[in-house]
Structures are given as structure tokens and as C-alpha cells.
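Q: sequence and predicted structure are below.
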Amino acid sequence: MLTVELLPASYGDAILVSYGSEDKPHRLLIDGGLSSTFPAVAKRLNSFEGRVDLLVVTHVDTDHIRGVVKLLNDDELAARIDGIWFNGFVHLERFKDLLGPIDGERLTARIVALGLPWNEGWPDPVQEGVGGPVVVTGKPPVMKLAGGATATVLSPTPEKLARLLSVWREVVEAAGLRPRVKGTEEAPVELVAADMLGGLTLADVAGFDTDDDGAEANGSSIAFVFEFEGKRVLFGADAHADALLGSLAQLAGADGKVRVDACKLPHHGSRANVTRKLIAALDCPLWLVSTNGKRFRHPDDEALARVVSGAPEGTVPRLVFNYRSERFLAFTEAFPPDRSAYAVDVPDKGAEGITVRLAD
């Protein structure tokens, strides 16, 4: 059994992976969404009695980490977490000595207070009880997970972590791990293609020139391919396309592609992260989108068009959304699935979040 649940995390990520026995599955939680969406995450975690084998905090961005802080401050839920992957300041320091230690980040303090196994198994421990950075320094490392699963880590690289180090203070303030200061709020991103779709083809929209993501926090994202009993899922976090492509190139088959059964689109389907080259590097039938489209108005039309138009001839890619958002509706109205050779899965009307079953 293998399921991936895109929990209702507003414009963020909170993803629950369950695998193994139906009666006693292993579980992996990737990010925790916003503080405002934590009740939905907590409700799902409280709906079962088992443990969470690993909590992966992909990077320090509000829509991924604030819910994790709330989770670890809930003593009953925190006691059910068996381990955590998270690159804190102590890990960034390994790659560039720019700043003195910054103490007091709430997540780091809580991990230490709980005594959670932190980056356990990663080489070059940074201190007693804290493993080394979750990082790709050469060939993508393959880490063993509970229950016979593995995670092949694709991102970040040392260079991406070093770039985050120089802006760590402002990033953790913006994420709510320190008191917020003026000027840290991100501005909403305006759509480029939304008012231009009339008369354009999917190939036209996919071909729009767009800038690559340059955000330091996104570049530090932990992205990986999860594998269990032959099924593979790429969890892209908010990773930069160049980092993903560098790792994927080392895993590709003779056709230059990496086969996965599903891919959680990086950065909620941002055009700056979902590039044509990234789509071309993957052989994937199922594309997962985690966002309600609020604030940053993801997924972008260009990203979805690249997924659909980049599918091999004769195949029908499937887009899976965890919200019936305005962005989802706008794209499907401009390019109806039945006329554009793709399929769509969305929650029932009035529902939020969606579960994908990849193996029985």
C-alpha cells in the first residue's frame, strides 16, 4: 500500500505519505503548512494512533514551516514523531562562514528540547546528537527509511545552502521563527498569462520565456524521490530547477529521463521552478499540485501547460489538485481536459485535500 495525501495547507505544503501494511503503515510527513492550517494537519494526525517515522521540513518558508512549529509545540503529537530532517543554521555553517551563530529559532530550539533524532544517519555530524546536512555533494545520496523505503535526495546542493546562510536572519524572521520585522513580507505575484489565454495553444503558453527562481530559501529545499516496492514519487518542495536537473541527470536512463509514478510539482506549480527542461527530464504520468491559489496565485498557466504539452505522444497526463481553486478553474476553462489530452482529479465540491493511491 502506498498513498500520498495532499493535506489542505492553504497556499503551502503538508503532505502525508503512508506505505506498507494497511493495518500498521509507516508514515512520512513532509512540511506542516501554515499556522492557520495546522488544525487540519493535527486532525489528520489524530485520526490514527500510529507514529510518524520521519518529519521532513523542506526549508524555512512560512507556508512550509509554521505548521511544523505548532506541531512540535503540541506535546502529544510531537511525542509521535520518530525523527526529523531539517537543515538549520548549524548545517548551513558547514559551507560558508559568513555569520556568527544565531540562537533562538523556535524550530531548532524545540527539536533540541524534545531530543528528536535530527538528521540522523547523515554523514559529518555537526554536533553531538545532530547529524550532518541533508545535502547533495556528488551523486544523489540514497537514504534508507523505515519499512524498506528509500529517499534519493536531489536537492539542495552546498552552493544553495551557502546562499541561504547570508540571508538566514531575515528568512527566519519572515517565516515567523523570530519576531517579524517590517519589510519581510513577500508581495503577491501577478499572473502573466491569465489574461492572454484566448486564442493561444498549450504549446504557446508552455513556450513563454520566464525567469528562474532565485529565492535563497527555495533553493535550500530538501527535494527527493521516495521509493517503495517499485513505486517512485518525486517530492519537489520549492526546489530550484537547476538543482533538480543536476541530480536527475545522474539518475537518468538511456532515454535521458527518470521514471517516477508521480511528481509533486516544485513551488506549487510556479513557472519559475517548473521549467520545460525539468518536465522533459521526467517520465511521469501523475502531477500533484498543492495550493489553494491564494496570495501567490499558483499554479501558473505556463507550468501546467509545460506538464501537459510535454507529455509523450499518445499519453494522457493527469493533474491532481488539492483544492478547487480559481487558478484550477481558469486553466481548465481555457484548456478543457477533454480537448487538450489531459485528465484532472480534484476534491469533491466543498472538500479540501486529496488522497492519491499509488499501490494497494
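A: Structure received. Numbering: from 1, shown residues only.

Q: okay, now Arg110: neighbour count?
A: Burial of Arg110 is recorded as 16 neighbouring residues (other Cβ atoms under 10 Å). (Glycine included, C-beta is placed from N, CA and C.)

Q: quick one: contacts for the nearest residue to it once chain neighbours are set aside?
A: Leaving aside its chain neighbours, Arg110 sits nearest to Leu72 (4.4 Å; criterion: Cβ to Cβ, 6 or more residues apart in numbering). By Cβ atoms under 8 Å, 6 or more residues apart in numbering, the contact list for Leu72 reads 78, 81, 107, 110-111, 114, 116.

Q: okay if I get these as JSON lines plus secondary structure and distance to Tyr19?
A: Below are the contacts of Leu72 laid out as JSON lines (DSSP: H, G, I helix; E, B strand; the rest coil; distance: Cβ to Cβ, whole Å):
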{"residue": "Ala78", "secondary structure": "helix", "distance to Tyr19": "22"}
{"residue": "Ile81", "secondary structure": "strand", "distance to Tyr19": "17"}
{"residue": "Leu107", "secondary structure": "helix", "distance to Tyr19": "26"}
{"residue": "Arg110", "secondary structure": "helix", "distance to Tyr19": "27"}
{"residue": "Ile111", "secondary structure": "helix", "distance to Tyr19": "25"}
{"residue": "Leu114", "secondary structure": "helix", "distance to Tyr19": "25"}
{"residue": "Leu116", "secondary structure": "coil", "distance to Tyr19": "21"}
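
Q: widest-spaced pair of those residues?
A: Spanning the widest gap among the contacts of Leu72 are Ile81 and Leu107, at 12.5 Å by Cβ to Cβ.

Q: do a quick rundown of the strands in the stretch 101-250 of the chain.
A: 142-144, 150-155, 223-228, 231-235 (DSSP state E, counting those that start in this stretch).

Q: what's the helix or strand hosting Glu76 packed up against?
A: Using DSSP states H and E, the element containing Glu76 is helix 75-78. Packing contacts for helix 75-78, counted by 3 or more Cβ pairs under 8 Å, 6 or more residues apart in numbering; DSSP states H and E, involve helix 38-46, helix 62-72.

Q: following it in sequence, what is the next regular element?
A: strand 84-85.

Q: give the rounded mean pLDDT of that following strand.
A: Averaged over strand 84-85, pLDDT sits at 98.

Q: which helices and strands does it pack with?
A: Using 3+ Cβ pairs under 8 Å, 6+ apart as the test, strand 84-85 ends up in contact with strand 54-56.

Q: run the last query once more with 10 Å
A: Helices and strands touching strand 84-85, by 3 or more Cβ pairs under 10 Å, 6 or more residues apart in numbering; DSSP states H and E, are strand 25-30, strand 54-56, helix 106-114.

Q: mind listing what's buried in the helix holding Glu76?
A: 77-78 (16 or more other Cβ atoms under 10 Å).

Q: can you list the neighbours in contact with that helix?
A: 38, 41-42, 45-46, 52, 55, 70-72, 110-111, 113-114, 116 (Cβ atoms under 10 Å, 6 or more residues apart in numbering).

Q: list just the nearest of these to Val130.
A: Set against Val130, the nearest of these by Cβ to Cβ is Ile111 (8.6 Å).

Q: contact partners for that closest one?
A: 55, 57, 68, 72, 78, 81, 84, 86, 88, 105, 117-119, 129-130.

Q: before I go, just wanted to say thanks for your time.
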